[in-house]
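Trainee: Sequence first, predicted model second:
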Amino acid sequence: MQKSIVLLLSLLLFSSCLETKATLSSEIDTFPPTDELFIGATMVGPIMQPLFPLIDADIFNKKTNEFSEELTAAQQEHVNSYKKILLDKLQKTYQITTPSDIGIRPEGIQLADGQHDTIIVNSENHPYIYVADGDFRLDQFKKAKNIEKMFATNEELKQQIKDVCEAYDYYHLVVSYSRVSVMSVSAFGAAGNVRLESYLFMYSKYGKLLFTVTGVTKPISTSGKVLEDYTDRFDEYDYLSSLMVQEFKNFVPVSGS
């Protein structure tokens, strides 16, 4: 019992030390000046659940799974608003183009259209990625767990992005992906740290990942039994995306500036 209390206090202390922030990691030293951005897809993925420690995570995840329908509804509710928020911030600096702006759909290119706005992943309780209306459906996600690694190394996904850039004659493509995440859990799954995570992935026309902007919010500690402890995290995207866009702008100069 004493050990459980110590671990719970450690979890609370850990969450209190973390802050909302955005960082950029790049495979290139500099990005050439540009006036235009091609925003290919905005997606809201399923909640990220911890795997370890095995018993503790399993206990906590069962509590989260009780809210699977509500969390899926929250994903669907926010995906189009996330797209609008992001575009509004970026278009203050760049000329933005989205797939729905172009008005053509080359053969083999799939767009989200209301009836086909979800991508199914390998998860029993949280199986959907939602794609904003009119955006590309990039469907090589499997379990949608290690998102950063998947966007960097999944060859099928990179080929899809290359095909899109070739079809629309664009030199790069930006993908936005966001999700609520349970970072860690305490002993016996008594509590967990929950935050919003968001990513901006910039690809070359050859499907190579050039850089990633990662944004995370300050986590909150939750028993896992209160729905709002999860759904309220979705509402933190506006401020988080402001930090991410600033990091993006710092790295991607405007032509002539």
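Mentor: Received, thanks.

Trainee: would you list every one of the strands in the stretch 101-250 of the chain?
Mentor: 118-120, 128-131, 172-185, 192-204, 209-216, 220-222 (DSSP state E, counting those that start in this stretch).

Trainee: As a markdown table, those strands with distance to Phe60 would be great.
Mentor: All C-beta atoms are positioned from the backbone trio N, CA, C, and that covers glycine. Converted to a markdown table, the strands of the stretch 101-250 of the chain look like this (distance: least, C-beta to C-beta, whole Å):
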| stretch | distance to Phe60 |
| --- | --- |
| strand 118-120 | 24 |
| strand 128-131 | 21 |
| strand 172-185 | 4 |
| strand 192-204 | 5 |
| strand 209-216 | 19 |
| strand 220-222 | 9 |
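
Trainee: Out of these, point me to the one whose mean pLDDT is lowest.
Mentor: In terms of mean pLDDT, the lowest-scoring of the strands of the stretch 101-250 of the chain is strand 118-120 (a mean of 90).

Trainee: residues in contact with it?
Mentor: By C-beta atoms under 8 Å, 6 or more residues apart in numbering, the surrounding residues in contact with strand 118-120 are 43, 127-131, 137-139, 141.

Trainee: got a winner among those residues for most neighbours?
Mentor: Met43 (29 neighbours; other C-beta atoms under 10 Å).

Trainee: Regarding that residue, what is its secondary structure?
Mentor: Recorded secondary structure, Met43: strand (DSSP: H, G, I helix; E, B strand; the rest coil).

Trainee: That one touches Asp133, doesn't it?
Mentor: No: using C-beta atoms under 8 Å, Met43 is not in contact with Asp133, being 11.9 Å away.

Trainee: which residues touch Tyr239?
Mentor: When contacts are counted by C-beta under 8 Å, 6+ apart, Tyr239 touches Thr20.

Trainee: related to what we said a few turns ago, of the strands of the stretch 101-250 of the chain, which is nearest Gln159?
Mentor: Among the strands of the stretch 101-250 of the chain, strand 192-204 comes nearest to Gln159, with 11.2 Å by C-beta to C-beta.

Trainee: Neighbouring strands of the closest one in the sheet, and parallel or not?
Mentor: For strand 192-204, the pairing partners within the sheet under DSSP bridges are strand 172-185 (antiparallel), strand 209-216 (antiparallel), strand 220-222 (antiparallel).

Trainee: report the longest helix in the protein, please.
Mentor: Using DSSP state H, we find that the single longest helix of the chain is helix 68-90.
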